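Q: Coordinates for the following, if possible.
(chains A and B)
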Amino acid sequence: MKIIQLLPTLAFGDAVGNDTMALMQVIRDMGYETGIYAESIDDRVKDKAVRPAYKIPYMKPEDILIYHMSIGSQLTYTIPDYNCRKIMIYHNVTPPELLEDYNAFTANACREGLEQVRYLSDKFDYCLADSEYNKQELIRMGYTCPIDVLPILIPFEDYKKTPSRRVLRRYKDDKVNILFTGRIAPNKKQEDVIKSFYYYKKYIDPDSRLFLVGSYYGMENYYHSLKAFVERLDLKDVYFTGQIRFDEVLAYYHLADVFLCMSEHEGFCVPLAEALDFKIPIIAYDSSAIGGTLGGSGILLKERDHKAAAEMIHRVVTDQALRETVLYNQDIRRQDFEHDVIKKQFEKYIRDFSGE
Amino acid sequence: MSDQMKEINIEKIMEEIREDIKNRGYKDEDIDFENITGNVKAVLGVKTDFSAFELKHAVEGAAGQHKIEYYRMIPKGGLKSFIQRSIRKMVRFMMIPMVDQQNQFNYQMVVCMRQMEAYVNECDSRLEQKDQVIDGLEEEIFQLKNRCEALESQLEGKEAKA
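A: You can find the predicted model right below:
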């Protein structure tokens, strides 16, 4: 029996790409024949089992096709043609209205994606959702097949690598470093992170920095709007890194005193799990899957109040007892995302589904 | 796992924070981002930082998408689908040459961007080589300065003795 994964784009280093590669390893370890098939494959992915989607092998009825759904693609319409058992892993699709002002093309792909999620509602035998939020969304869209929650498989071992010394040298001082990582995208509301930082720097601690780590590829309009916003506020010490090397990302996590997330829409939010691993206190606005991913840890803000966010940063930085309690809770939550825990969960789901 | 966590009274902290906000003297300021959203004039002239990764991404993205297809798959079933597929067939004669022309243009653009990317990479590697030479020369100057200082102090010592 073979279990293959199909997805529109296999990118290098993004959440879906990492999850797909990590799951392939688990499937291999389980002893099944496997492979990843994608319409577009990042050059940096070096694995012989990763092939273009048109090379997908003949699937027997007992085989399993796992489809990763995160954006609209013509591949979706080929799903009913496969005469095998089918599983969808739902990573969520960003609501197009959040992207429309900045990238109409991506917004349309998301709109198409949401239509396709509805179209696929009766085409799968089983679904795995990254979070409870994603699961509820599938149910709202008419999915009646069994659905389980499987958090994204994160290779935490990689985070133990040596961070960039150059970045550490440049910023290792007494300043308070506030961090948000993730693509520069309107659904992640980086403008709210900047607003909160504006109040913090102006009224509370001028000796502070904000690092916005993440690629702005495809969202250049939004990136330039954010840059214009920072200029208009005459705000110093805001750093947009763009896409950087992995050891540099690690260095920013090592430097951070607080992780601030003001996202409007997340299907899981891998950077939160990363911040848990780096033992950085998290302050996050409670939207979409964020509360679920934090699972009672971190500090959740119920309102999008930038002054309150700034004051909360101050609290977490200065109140040692609060900081320790937050980190204690976060460490408990981090254990839920450990590689072995998620791996065992996935193996169990696959065994139950395949009946083997 | 949640039951093992220590309780944090967020409501109490928020109450204290509201009090802090009152005392901090925050001014009502216009920090509205929405004025800038999608406003081309507002973002014109904003300095863009060069990022080799972003350039590479953009070139790869363009290369991967430069060839567009006129043919769009339409799921079968229903009158709407039939009409859509009929229209697709009817406009085929017009769409194909337009798409071909566009593809040709896109191809030239990708070649152009690849050339520019290669040029940037070439310059980068030349710069890196020069940096290494400069590093070596700086180290040499540092050693020579030290030697000079040592010789000067030796000479001063001898002059003092004489």
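Q: Please name the residues that touch residue 61.
A: With no chain named, the answer covers chain A. By C-beta atoms under 8 Å, 6 or more residues apart in numbering or on different chains, A:Pro61 lies in contact with A:83-85. Quick note: C-beta positions are derived from backbone N, CA and C, even for glycine.
Q: The chain in question should be chain B.
A: A:217-218.
Q: So A:Glu303 belongs to a strand, correct?
A: No. A:Glu303: not assigned to a strand; according to DSSP: H, G, I helix; E, B strand; the rest coil it is coil.
Q: Run a quick neighbour tally on A:Asp192.
A: 21 (other C-beta atoms under 10 Å in any protein chain shown).
Q: Then A:Ser196?
A: A:Ser196 is flanked by 28 other residues according to other C-beta under 10 Å.
Q: what's the top helix by length along chain B packed up against?
A: Counting residues, the longest helix in chain B under DSSP state H turns out to be helix B:92-161. Counting contacts by 3 or more C-beta pairs under 8 Å, 6 or more residues apart in numbering or on different chains; DSSP states H and E, helix B:92-161 packs against helix B:52-65.
Q: Mind listing what's buried along the helix it packs on?
A: By neighbour count on 16 or more other C-beta atoms under 10 Å in any protein chain shown, the buried set for helix B:52-65 is B:54-60, B:63.
Q: so which of those residues also contact chain A?
A: When contact is defined as C-beta under 8 Å from any C-beta of the partner chain, the buried residues of helix B:52-65 meet chain A at B:54, B:57-58, B:60.
Q: Out of the buried residues of helix B:52-65, which is nearest to chain A?
A: B:His57 (4.2 Å; C-beta to the nearest C-beta).
Q: nearest residue to that closest one other than its sequence neighbours?
A: A:Tyr217 (4.2 Å; C-beta to C-beta, 6 or more residues apart in numbering or on different chains).
Q: Just say helix, strand or coil for the one you found.
A: Here A:Tyr217 is coil, with the state taken from three-state DSSP.
Q: how about it, phi and psi?
A: phi -60, psi 130 (degrees, to the nearest 10).
Q: and the helix or strand harbouring A:Glu248, C-alpha only, in CSV?
A: Using DSSP states H and E, A:Glu248 sits in helix A:246-255. In CSV, the C-alpha atoms belonging to helix A:246-255 read as follows (Å, rounded to 0.1, in the frame of the first residue of the first chain):
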residue,chain,number,x,y,z
PHE,A,246,17.7,30.2,9.0
ASP,A,247,20.6,30.9,11.4
GLU,A,248,19.6,34.6,11.3
VAL,A,249,16.0,33.8,12.2
LEU,A,250,17.3,31.7,15.2
ALA,A,251,19.4,34.7,16.3
TYR,A,252,16.3,37.0,16.4
TYR,A,253,14.5,34.4,18.5
HIS,A,254,17.5,34.4,20.8
LEU,A,255,17.4,38.2,21.1
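Q: Tell me if the helix or strand just after it is near chain B.
A: Next along the chain after helix A:246-255, taking DSSP H and E as the criterion, comes strand A:258-261. No. Strand A:258-261 lies apart from chain B when judged by C-beta under 8 Å from any C-beta; the minimum separation is 14.7 Å.
Q: Quick one: mean pLDDT over strand A:258-261.
A: The pLDDT scores in strand A:258-261 average 98.
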